[in-house]
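> Sequence first, predicted coordinates after that:
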Amino acid sequence: MVYDNIINQVPTQNIPALIERYAKRHGETSRSTPHMNTVEQMARELASIADLKSAELATKTKHITLGFDANTQEGVRINSIHLTTETDCDVIAADE
């Protein structure tokens, strides 16, 4: 459930309360709702796994195309690198 919320870009501070409400709505009690710090650590771990996957794609592929993109979304600068092969496309978020 935490993973689904992270993937759907739910703010990490909202995830523990959403899990409790979901359990309550279905007549269950949540015995161990993750704390916001735990949720944030899980999000960082997912980002690390995604970065490793992208690095593996870049190092194992002989012919790869790189694309760079920079946008501003809600006042925040978003930079990304697109890795494209014949069969895959991957995106890496690049912090300023």
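Arrived safely.

> Need the contact partners of stretch 40-49.
Here stretch 40-49 makes contact (CB atoms under 8 Å, 6 or more residues apart in numbering) with Val2, Tyr3, Ile6, Thr12, Pro34, Ala93. The C-beta positions use only the backbone N, C-alpha and C, and glycine is treated the same way.

> of the residues you listed, buried ones?
With burial judged by 16 or more other CB atoms under 10 Å, the buried subset of the contacts of stretch 40-49 is Val2, Ile6, Thr12, Pro34.

> now, which of those residues sits nearest Ala58?
When these are ranked by distance to Ala58 (CB to CB), Ile6 comes first, at 23.8 Å.

> now the residue nearest to that closest one when sequence neighbours are not counted: how far from Ile78?
Spatial nearest neighbour of Ile6, chain neighbours left out: Ala43 (5.0 Å); criterion: CB to CB, 6 or more residues apart in numbering. Applying CB to CB, to the nearest Å, the value for Ala43 to Ile78 is 17 Å.

> Looking at those two now, which is surrounded by more residues?
Neighbours per residue (other CB atoms under 10 Å) separate Ala43 from Ile78, with Ala43 holding more: 17 against 14.

> Low-confidence stretches in this structure?
The model of the chain has pLDDT under 70 over residues 95-96.
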